[in-house]
Each structure stands twice: as structure tokens, then as C-alpha cells.
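*Asks:* Sequence first, then the predicted structure:
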Amino acid sequence: MSSFLVIIDAILIIVILAFIAVWLWHKIQTKLLGGGDLTNEQFNQGMRKAQVVDLREKAPFKRKHIDGARNLPYTMLKYQYTELRADLPVYLYSDSLSVTLRAARFLQKKNFSSIKWLKTGFEDWDGRTKKSKY
């Protein structure tokens, strides 16, 4: 019985360390990208002067998205990033912070001048949205 508890303890420690590693990775990536994470309020204030990009796939975008956003799925970003203007700010959002950070890093490598992203992701967005009627 005690060896079983030792195994459970080891598994719990590994899980906790994994969560800490992911959290640290996000913090490091944010700093490397220039700290472009925005709160809902900051995102809402600046989005009128920026290109707002939804990185989710087409189906979730059609169901509900931030009003004024364009859909450019992360899976298609490397083929369609030329649709964005590099001289204007780009505001990114997705359901996953990891996807958003990868997209921001990609755009930074392609010489985009100002890249920001929604810190809490789309699930916590409290601004105007557009929903599908169907």
C-alpha cells in the first residue's frame, strides 16, 4: 500500500511541475514578444485602430466571434499572413494562449511592427460579439 502512495505522490509532483513549466513558458514567450498581452478593456479600446484576427477554425468563428474580427485560422497563417498589413497593429485572439503566442511569434518573424493579443482568450471576452443566426 505504501508503494502505491509513493507512486501517486510522484505522479502528482510530475503533474504540478508540468503546470509550472507551461506557466513559465507562457511568461517567457510573453516577455520575448514584447509583452503584448492585453486585458479585455485594453483590447476593446485599441481594436478600432488595429487588424483583429481570430485564430480559431472556421466553425467556431462562425458560431461566435468578436465583432469586426477576421478569421485567419492558425493552421492557414503561414499561407495567408500576406492578407494582413505589416504596418498596422495586429490584435490576435484564440481559445488557446499557446496558439496565440505561436502566431504572434510567427508574425514577429515576418516583420510585423505591433502585435498584441487577448490575455484571457476568447472565452472570457466581455465585449461586443457577433453570432451566427443558424
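*Replies:* Structure received.
*Asks:* Could you point out which residue ranges in this protein have low pLDDT?
*Replies:* Residue ranges of the chain with pLDDT under 70: 1, 35, 134.
*Asks:* So which residue is dead centre in it?
*Replies:* residue 100 (2.7 Å; C-alpha atoms, centre = their mean).
*Asks:* helices or strands up against the helix or strand it falls within?
*Replies:* Following DSSP states H and E, one finds residue 100 within helix 97-109. Judged by 3 or more C-beta pairs under 8 Å, 6 or more residues apart in numbering; DSSP states H and E, helix 97-109 is in contact with helix 2-32, helix 77-80, strand 90-93, strand 115-118. To be clear about C-beta, it is placed using only N, CA and C from the backbone, and glycine gets the same treatment.
*Asks:* show me the contacts for residue 72.
*Replies:* Residues in contact with residue 72 (C-beta atoms under 8 Å, 6 or more residues apart in numbering) are 53, 54, 55, 80, 81, 83, 84.
*Asks:* change it to 6 Å
*Replies:* 53, 80 (C-beta atoms under 6 Å, 6 or more residues apart in numbering).
*Asks:* quick one: it and residue 94, what's the gap?
*Replies:* Distance, residue 72 to residue 94, by C-beta to C-beta, to the nearest Å: 11 Å.
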